[in-house]
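Trainee: sequence plus predicted model, see below.
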Amino acid sequence: MQELNSVGTSIQRRDGDGHIKGQTQYVDDYQFQDLKHLHCVRSPVPYADIEGIDFSAAEEVDGFVDYLTHEDVANNHYTILRLVGIGPDEEPLLAEDRVRYMGEPIAAIIADSKEAAMEAASKVELDLTELEPVFDVEEALDSDEPPLKEWGTNYFEFEGGHECRRVRRGDVDEAFEAADYIVEGEYQTSPIEQAPTETTSATAKPEPDGRFTVHTNTQALYFSLDNTAITLDIPFEKLQFKGGTVGGGFGGKVDVIVEQLATLGAKKTGYPVRYKFTREEEMKVSSPRGAWRMYYKDGVTEDGEIIAREVTSYADAGAYNRHTPYAVTKHAANLAGPYDIPNAKFDCYCVYTNKQPSSAMRGFGVTPCSFAIEGQMDKIADTLDMDKWEVRFKNAYRDGDIKPHHKEVEDASLIECMQSTADMIGKELPEEFTQMSSTKPREESDV
């Protein structure tokens, strides 16, 4: 049996030397003959009808090669969640008759240099009729608010025709009646940009045999290949996607937002085409971690036991789905946190607004509720004038407990983590907490 002799030691990263010496090869380090560059023409307003586009001034820019519109796209719809059976998602690759967020791509310019592509894109004239945008999730759900979506709602519809992701366990109304205290809290997070050192980029090269080789810094290579094949109606076997060292991703390079247009540009022009976000684009129009608004209501006994929790939560998806419905599902499953709460009622909405689409970022969906949960635990402790450690030990879930979404807890470790943390910082715990264990039922574990 091989010894695990690296545990607890400092091991040099395989790619460490290359990073330090500047020898690591990234996607943009690959050189191509006759390389062309793509830059998008983006909406300057958050919500508008597209009445017309004039490329005449752009075509006069030295180095201009070609332009792309939605008419060049075979299947002009983003498909990433449809690949795993979640829909609908009608986000266009290039906007057709309407834009729904500031920065949405309407057209793309291909030129001999990035500078020429940007200059030409700046000269494209857009004829837009602005519409009244909505930026607040609860305002978007108001019955008087016009729908942003063709199917007539400002929310994603989950299985069974539900307007939200629902979790139910026990009887919260009865438990609230039995509670000694009702503790409520409202929690709001803001969008967070992943800010990778390397901006989002892909280069597509047409091959003599009719295939396309695509070099990309995506975090989801096969999602990117599948989406590109479906969107552009290119047989899968005609695409070869090559990933590489990713100069920072954190979830921000999961969406398929450059590969399709780079490949379409290569297909239309016959040249290798690179589509790389500027730093401004990365900060303004890439998919951030979305904003969440959460309303918590807990029923608590006088000795600190949480016997009921009701949560209404709103995820701001922005203008399109992307990964937010998936994030809402994860969110709904984690609203109780690592605590045993026998009665629960959770309603979690995926809401559309006229903001840039949100997506993945390290634990997206779970991190917002973790923030709210621990804030709520502190509120409970303050309401009961109880030690904040005590309220957490008393409610910590253990192996065999049932979560609100009816899954049995396995490998619980909150109790042991708190015991270890207390030891590390010199926090003296009462004996009843030092004797607790996640692996034993309460009556066997507690003193």
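Mentor: That came through, no problem.
Trainee: name the element Ala332 belongs to?
Mentor: Assigning secondary structure by DSSP states H and E places Ala332 in helix 324-333.
Trainee: how about residues contacting that helix?
Mentor: Residues from elsewhere that reach helix 324-333, judged by CB atoms under 8 Å, 6 or more residues apart in numbering: 81, 86, 156, 158, 165-167, 290, 292, 313, 315, 317-318, 346, 348-350, 357-360, 364-366, 368-369, 403, 405, 407. Where C-beta positions appear, they are placed from N, C-alpha and C, glycine not excepted.
Trainee: in helices, which of these fall?
Mentor: 366, 368-369 (DSSP state H).
Trainee: reduced to three states, what does the closest residue to Val256 other than its chain neighbours come out as?
Mentor: Nearest non-adjacent residue to Val256, counting by CB to CB, 6 or more residues apart in numbering: Asn227, 4.2 Å away. When classified by DSSP: H, G, I helix; E, B strand; the rest coil, Asn227 comes out as helix.
Trainee: how many neighbouring residues does Gly103 have?
Mentor: 19 (other CB atoms under 10 Å).
Trainee: which one of the ones in helices among the contacts of helix 324-333 has the most neighbours?
Mentor: Using other CB under 10 Å as the neighbour criterion, Cys369 leads the ones in helices among the contacts of helix 324-333 with 27 neighbours.
Trainee: please tell me how far it sits from Val311.
Mentor: According to CB to CB, to the nearest Å, Cys369 stands 8 Å off from Val311.
Trainee: find residues that contact each of those two.
Mentor: Common neighbours of Cys369 and Val311, using CB under 8 Å, 6+ apart, are 294, 335.
Trainee: tally up the residues packed near Tyr275, please.
Mentor: Residues lying near Tyr275 (other CB under 10 Å) number 29.
Trainee: surely it meets Val258?
Mentor: Yes: Tyr275 is within contact range of Val258, at 4.5 Å (criterion: CB atoms under 8 Å).
Trainee: between these two, which contacts overlap?
Mentor: Residues touching both Tyr275 and Val258 (CB under 8 Å, 6+ apart): 201-202.
Trainee: which of the contacts of helix 324-333 count as buried?
Mentor: 81, 86, 156, 158, 165, 167, 290, 292, 313, 315, 317-318, 346, 348-350, 357-360, 364-366, 368-369, 403, 405 (16 or more other CB atoms under 10 Å).
Trainee: need the phi and psi values for His162.
Mentor: Backbone torsions of His162, given as degrees, to the nearest 10, read phi -80, psi 140.
Trainee: list the beta-bridge partners for it.
Mentor: Beta bridges link His162 to Phe158 when assigned by DSSP bridges.
Trainee: any idea how far Gly318 is from it?
Mentor: With CB to CB as the criterion, His162 and Gly318 are 21 Å apart.
Trainee: show me where pLDDT drops low in this structure?
Mentor: For the chain, applying pLDDT under 70 flags the ranges 1-3, 89, 442-447.
Trainee: how is it carved up into domains?
Mentor: Using automatic domain parsing, the domain parsing of the chain gives 28-131+200-276, 159-189+288-409.
Trainee: tabulate those in JSON lines, adding columns for distance to Gly16.
Mentor: Formatted as JSON lines, the domains of the chain follow (distance: least, CB to CB, whole Å):
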{"stretch": "domain 28-131+200-276", "distance to Gly16": "12"}
{"stretch": "domain 159-189+288-409", "distance to Gly16": "22"}
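Trainee: tell me what the helix or strand Val214 falls within is packed against?
Mentor: Following DSSP H and E, one finds Val214 within strand 212-216. On a contact count with 3 or more CB pairs under 8 Å, 6 or more residues apart in numbering; DSSP states H and E, strand 212-216 meets strand 201-206, helix 221-232, strand 239-242, helix 259-269.
Trainee: again, only this time at 7 Å
Mentor: Secondary-structure packing of strand 212-216 (3 or more CB pairs under 7 Å, 6 or more residues apart in numbering; DSSP states H and E): strand 201-206, strand 239-242, helix 259-269.
Trainee: could those go into a markdown table alongside mean neighbour count and distance to Lys21?
Mentor: Shown next, in a markdown table, are the helices and strands packed on strand 212-216 (neighbours: other CB atoms under 10 Å; distance: least, CB to CB, whole Å):
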| stretch | mean neighbour count | distance to Lys21 |
| --- | --- | --- |
| strand 201-206 | 25 | 22 |
| strand 239-242 | 17 | 23 |
| helix 259-269 | 25 | 29 |
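Trainee: ok, which of those comes nearest Ala178?
Mentor: With CB to CB as the criterion, Ala178 lies closest to helix 259-269 of the helices and strands packed on strand 212-216, at 55.4 Å.
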